[in-house]
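**Q** coordinates only, sequence not included:
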């Protein structure tokens, strides 16, 4: 699969904390969400926002010949 589009890096501390906490909640559970959010929303980390303009995909690639 190929994705074509535009990506933007965001290092706003409030946005990083919001998204890192949300992702922590999703993958680690409610009890660990805040810890993961604080751990991952630090200087040097970025939030990547991507707008996909085009998707190129193929079907049946795992089908036997």
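**A** Noted; the coordinates are in hand. For clarity, every value in this text was computed on a predicted model and none was experimentally measured. Numbering: from 1, shown residues only.

**Q** Chain neighbours aside, what residue packs nearest to residue 38?
**A** residue 17 (7.2 Å; C-beta to C-beta, 6 or more residues apart in numbering). C-betas here are computed from N, CA, C, even on glycine.

**Q** Let me know the secondary structure of the residue most central in space within the chain.
**A** The residue lying closest to the centre of the chain (C-alpha atoms, centre = their mean) is residue 48, at 6.7 Å. Following DSSP: H, G, I helix; E, B strand; the rest coil, the label given to residue 48 is strand.

**Q** picking that back up, the helix or strand hosting the residue nearest to residue 38: how far from the chain's middle?
**A** Using DSSP states H and E, residue 17 maps to helix 13-28. The chain centroid and the centroid of helix 13-28 are separated by 10 Å under C-alpha atoms, centre = their mean, to the nearest Å.

**Q** Begin at 31 from now on, thanks
**A** All right, first residue 31 from here; so that's helix 43-58.
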